[in-house]
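K.L.:
Generate coordinates for the sequence data below:
(2 chains)
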2 protein chains.
Amino acid sequence: MRTGIATVCLSGTLKEKMQACAIAGFGGIEIFEQDLVTSPLSPEDVRKMAADLGLGLDLYQPFRDFDSVSEDVLQENLRRADAKFRLMSRLGMDTILVCTNVGTATIDDDDLRVEQLSRLAELAGNHGVKVAYEALAWGKYVNDYEHAHRLVDAVDHPNLGTCLDSFHILSRDWDTAPIEAIKPEKIFFVQVADAPKLSMDVLSWSRHYRVFPGEGQFELAKFMGHVARAGYSGPVSLEVFNDVFRQSDVERTAVDAMRSLIWLEEQSAKWLDANPAGPMPGGAGGDSLPKAAGRRRYPMELATLPKVAEPAGFNFAEVKTDEPGQLERLLGQLGFEFDGRHRTKDVQLWSMGQARVIINEQAPSHSEPAIAALGFDVDSPVIASARAQQLRAPVVPRKVQADEEVFQGIAAPDSTEIFLCQGNPDGTAAWTAEFGQHREFGEGLEHPSGGARAVIDHVNLAQPWQHFDEAVLFYTSALALEPQPFAEVPSPSGLVRSQVMQTSDRAVRLVLNLAPLLQQGERKSYQEHIAFAVDDLVATARAAQERGLDFLRIPANYYEDLDARFALEPAFLATLKELNLLYDRDANGEFLHFYTATVGSVFFEMVERRGNYDGYGAPNAPVRHAVQYDSLHAHHMNR
Amino acid sequence: MRTGIATVCLSGTLKEKMQACAIAGFGGIEIFEQDLVTSPLSPEDVRKMAADLGLGLDLYQPFRDFDSVSEDVLQENLRRADAKFRLMSRLGMDTILVCTNVGTATIDDDDLRVEQLSRLAELAGNHGVKVAYEALAWGKYVNDYEHAHRLVDAVDHPNLGTCLDSFHILSRDWDTAPIEAIKPEKIFFVQVADAPKLSMDVLSWSRHYRVFPGEGQFELAKFMGHVARAGYSGPVSLEVFNDVFRQSDVERTAVDAMRSLIWLEEQSAKWLDANPAGPMPGGAGGDSLPKAAGRRRYPMELATLPKVAEPAGFNFAEVKTDEPGQLERLLGQLGFEFDGRHRTKDVQLWSMGQARVIINEQAPSHSEPAIAALGFDVDSPVIASARAQQLRAPVVPRKVQADEEVFQGIAAPDSTEIFLCQGNPDGTAAWTAEFGQHREFGEGLEHPSGGARAVIDHVNLAQPWQHFDEAVLFYTSALALEPQPFAEVPSPSGLVRSQVMQTSDRAVRLVLNLAPLLQQGERKSYQEHIAFAVDDLVATARAAQERGLDFLRIPANYYEDLDARFALEPAFLATLKELNLLYDRDANGEFLHFYTATVGSVFFEMVERRGNYDGYGAPNAPVRHAVQYDSLHAHHMNR
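P.N.:
Alright, predicted model coming up:
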């Protein structure tokens, strides 16, 4: 598949954008007119630079408000088009996007539009230019791709074709199947963008909230499947207006963009496999497609990626610090066993059942504890790593001794290191043998009830706001996690956005949190945590209490409200209150949990899931945030 | 008017919120349930703290999803209500907000609702609690305040009344006139919020984008006029869910909130004066309102503010720096005259016609030039200052000598100092006599053509994102500037939001700019400017060119595009290109302008308005941003 991207997706100058697109490996670009107009580069400079970078100049865009106008305005528009066609010849470009009229259209008459578009096609032909006509979702008279294409068909000129843009089609919920009936030589260009499902006016939605494929909720694989089945084999180019991408690091955004197309290509191929061509609306069946001699069924080559299944579970979580004392104490109090130090590295292993926590002391001095790495159990670390690397995930360099297990590591957008591990079916991990048995920290600790079956239930990572969408695509594409609808949790510092990514069997649950903007710079407000599931939370909490654990203290008002909501059995309510346990219930089951105090930017949570409870105690999250804010604030006051 | 605010409007803990409300001078607060549930303060603590702070506890809220349910759910809801009524008695609160059912309603039957609300009213009566029933805009069966009030009327119980919320009413475009027909004793509470007109789903709009009165586009004065005319005299309380306010400094937001109510009070009184009561829909005329013995026509006391007219113009603009060399050179090259130094302060005055620029050298060392203050011509500085202070604007302390003019100064939300000056009708300013005539800098400079009539055309101030709405209200309420619809300008660093505030005669035009978030921390990307209008821009530019001015260089591509758009006369186009002039045209006239290079965070613009052109050359703003980005970037690269 020929990949492309519009310069308007990226930040920076035209030169910076072109360089970033070349580095990310795009086949070509669309030049957004404003990027050229504001550039000190001459058209000839741009042409040469593109050639040097190996970038095609695939589309000049946009040309607005052409058709459905009175004759005097049309004359003016043709003069304007002529100037742009001459400019394109200096750029060495042959395709221009003309979108349906939004601003100046006054005459709603398809015959007139056919006549006016014919004159444009004729002029374009004289300049060797191809006009790709696109229906904007908010076009005044033409806002439906089938309508636009009927006009193109009626004009029937070799220099006029259709541009299909997934945003304009899917935002209006137009059926995508009829795409297959369009003759491939009449599809001049294809633009793709994803978007979250928002109910707002389509213009604002389009101009601010588009995202790269895999970061939104559009059915893009299906759209692309129909495009491929139409026989189109030209560029598939991203046109994504997004307020965040427009200000983010240009090279990084270009890589994110490229990743989305690589992923979309694979998903499109999958969709085609799963959806064999059937009879078409309008009678054009899959079999009636034109078959040129020797031409393949789908001329668009859809590259695939190394396949990975969902991860089977968390292999470990790693916290980094050079001052491990408080962490060791917390883990011990929670009932973790100290499994010793690594034989060559300055690293400790703590475990409870199959929940493993590594304390990595190879941190710069005075680094407060922070979550540094997560290990995931996968079928084949090598295949998973190959897939991630083909998706442009940065590789984490890692030194190993000759006889140690080699971890395949990649860096997530928030710079957490993600290791792809070979898990054992029984939940154990071979690499733990590299750790010696020094029990000095764990002495006197017993397994808490239920601890033997403990696992990492979920991990909650704070994300920088400008990389949030990138992170969703990263975990979706590289780790096969499934994004769930996001929630917003009130905290005293503002709303926290919470995005769950999980496997279908819930063996892996990862929560991406977006702290309020004003807090993003402050290390302390950027708390992350690891949650462990046990069989008997009350017993675990009681044991931890006896070992002197510093629980997050839950206010009495919470238990009064809990009682008002759930009418709990008084002895049970008293136990919850005594042990600082939080509680939630839904139609599927119950959820008990508690939190520890925070060390550095890390805290721990212990949970017990009863029945088929599938959430995270969301109604309790505001309490957690408020108490953490309060203790942080008290801490500040005391300094 | 009794002022109030819901704790959910503010950031921080319940304690912090209450303290901030007391400092800002609110009469009372609404306690948002979650703020209590997450608080370590017991209900008794809250009660005592409110009493100590002199804050009324006016409303407990919200109680959700009560009515339109089956009998078993109703029983559960009554149990839940009973628990909350008991809690309210510990808080010493007597009014609770019950909103119409969104989540659990299953039966659409007004008779059933009347029965269920009667039982709630009866229970409330036993606890001495008043239930204020509010129609949510997205209520499942009841989402219209008139419908909700019909239910209240039918129940006819002293403990059940209506809560009117401007957001739920105006977001749905319900007519507000029928409010006047509601008996005053049946309006238990009034909540106000403003909002920008957004076309998005009303729930998201409500939960994220509400703003304080004067910061949005709702007709709140009219709403309040009808409420006052209904005879309501209870609290008028802000309930504003806003993502930014929720994370901003709590005391500052509380003051912004208070300002909005003070302003709304004045605007409501004005609306009542301008709209005498007429016949009412439903036949209830203004005259048919109940008149208790000795009761005033409008029992709600609407305090007024010292009146100010729009400012007549800019009196001066002040730039602060301890390294004035580059600024002096720029002003001289633009054709400004050096009018000398102040006789007691380390301050210079430069002028061109009636455009005055002060260079204030009393800056910390190595302060790069930044816009520090603006002077506005007002009828009476004392009255204007009194008004601003009643609107809680912070006063700027200023040292003056015995015989110098005293400036009344207030601080804008971005900390620019705003001085209220006594302007002369001929545009001169008396205080300029305090400056001596040292011409060493200005020697050899002549007035440029048209310079004698030069004025400050507009000033463009960069705003911190978290104080943007506050700034709009500040200039609206304190200076009587009128906000215009905002624009968004693309720049290589992201979209820049641009909000024009102006007087009706355009004598004052102030542009508030919101830089992309990632750039906000960077001083250099935070550019501000002062624009001067002259009669003959070409002559001004040519003179400046001869004096060696460092113009912002406009790329050649711009002039090609200009020609494609406007088909300009070739000699004129050549002049524009030669002098780095930008051009715009609309149905009303033409606009010519140029920019200087940036010094510190300041640059200058010279403009010429031809005909009745009323804009700012918005189509040229992306070019300006791109070139500034480029030179900034080149500068970084060279360091």
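K.L.:
ok, residue A:334 to chain B distance?
P.N.:
Residue A:334 sits 24 Å away from chain B, going by Cβ to the nearest Cβ, to the nearest Å. Heads up, the C-betas are built off the backbone N, CA and C, glycines and all.
K.L.:
show me what contacts the residue lying closest to that residue once chain neighbours are set aside?
P.N.:
Leaving aside its chain neighbours, residue A:334 sits nearest to residue A:544 (5.6 Å; criterion: Cβ to Cβ, 6 or more residues apart in numbering or on different chains). Neighbouring residues of residue A:544 by Cβ atoms under 8 Å, 6 or more residues apart in numbering or on different chains: A:333, A:334, A:335, A:448, A:551, A:606.
K.L.:
what helix or strand does residue A:544 sit in?
P.N.:
Using DSSP states H and E, residue A:544 maps to helix A:537-546.
K.L.:
same question, residue A:20
P.N.:
According to DSSP H and E, residue A:20 maps onto helix A:14-24.
K.L.:
Residue A:175: what secondary structure?
P.N.:
Classification of residue A:175 by DSSP: H, G, I helix; E, B strand; the rest coil places it in coil.
K.L.:
Name the nearest residue to the closest residue to chain B within the stretch 251-400 of chain A, ignoring sequence neighbours.
P.N.:
Here the stretch 251-400 of chain A gets closest to chain B at one residue, residue A:253, 11.4 Å apart by Cβ to the nearest Cβ. Among residues not flanking residue A:253 along the chain, residue A:245 sits closest, at 4.9 Å (Cβ to Cβ, 6+ apart).
K.L.:
what's near enough to touch the one you found?
P.N.:
Here residue A:245 is in contact with A:9, A:10, A:11, A:253, A:256 (Cβ under 8 Å, 6+ apart).
K.L.:
And the helices in the stretch 151-300 of chain A, which stretches?
P.N.:
Taking DSSP state H, counting those that start in this stretch as the test, the helices found in the stretch 151-300 of chain A are A:166-170, A:202-208, A:220-230, A:250-274.
K.L.:
Of the ones you listed, which is nearest residue B:241?
P.N.:
helix A:202-208 (19.6 Å; Cβ to Cβ).
K.L.:
Return the set of buried residues in that closest one.
P.N.:
Going by neighbour count (16 or more other Cβ atoms under 10 Å in any protein chain shown), the buried part of helix A:202-208 is A:202, A:205, A:206, A:208.
K.L.:
Which residues are in contact with the closest residue to the first one other than its chain neighbours?
P.N.:
Spatially, and ignoring its direct neighbours in sequence, residue A:202 is nearest to residue A:137 (4.8 Å; Cβ to Cβ, 6+ apart). Listed by Cβ under 8 Å, 6+ apart, the contact partners of residue A:137 are A:143, A:167, A:168, A:169, A:171, A:172, A:202, A:203, A:206.
K.L.:
And the helix or strand bottoming out on mean pLDDT in chain A, what does it pack against?
P.N.:
Using mean pLDDT, DSSP states H and E, helix A:621-638 stands out as the lowest-scoring helix or strand of chain A, at a mean of 79. Applying 3 or more Cβ pairs under 8 Å, 6 or more residues apart in numbering or on different chains; DSSP states H and E, one finds that helix A:621-638 contacts strand A:487-491, strand A:494-502, helix B:33-37.
K.L.:
Point out the most buried one among these.
P.N.:
helix B:33-37 (a mean of 22; mean count of other Cβ atoms under 10 Å in any protein chain shown).
K.L.:
what's the distance between the helix or strand that comes right after it and the middle of its chain?
P.N.:
Downstream of helix B:33-37, the first helix or strand assigned by DSSP H and E is helix B:43-53. Its chain's C-alpha centre and that of helix B:43-53 lie 32 Å apart, by Cα atoms, centre = their mean, to the nearest Å.
K.L.:
Kindly report the same for stretch A:196-206.
P.N.:
That offset, for stretch A:196-206, works out to 19 Å (Cα atoms, centre = their mean).
K.L.:
distance between the ends of that stretch?
P.N.:
Across stretch A:196-206, the terminal residues are separated by 10 Å (Cα to Cα, to the nearest Å).
K.L.:
if we can go back for a sec, which one of the contacts of residue A:137 is nearest residue B:620?
P.N.:
Closest to residue B:620, out of all of the contacts of residue A:137 and judged by Cβ to Cβ, is residue A:203, at 22.7 Å.
K.L.:
which ones are touching that closest one?
P.N.:
A:137, A:138.
K.L.:
Go again with 6 Å.
P.N.:
residue A:138 (Cβ atoms under 6 Å, 6 or more residues apart in numbering or on different chains).
K.L.:
Could you do residue A:378 as well?
P.N.:
By Cβ under 6 Å, 6+ apart, the neighbours of residue A:378 are A:311, A:384, A:420.
K.L.:
So which bits of the helix holding residue A:544 are buried?
P.N.:
A:537, A:538, A:539, A:540, A:541, A:542, A:543, A:544.
K.L.:
quick one, what contacts the first one?
P.N.:
With contact set as Cβ under 6 Å, 6+ apart, residue A:537 has these partners: A:592, A:608.
K.L.:
Now the phi/psi pair for whichever residue of the stretch 301-450 of chain A sits closest to chain B, please.
P.N.:
Closest approach between the stretch 301-450 of chain A and chain B, counting by Cβ to the nearest Cβ: residue A:413, at 15.2 Å. Main-chain dihedrals, residue A:413, degrees, to the nearest 10: phi -60, psi -30.
K.L.:
repeat for residue A:483
P.N.:
phi -70, psi 140.
K.L.:
residues in contact with it?
P.N.:
Contacts for residue A:483 (Cβ under 6 Å, 6+ apart) come out as A:472, A:501.
K.L.:
how close does it sit to residue A:223?
P.N.:
19 Å (Cβ to Cβ, to the nearest Å).
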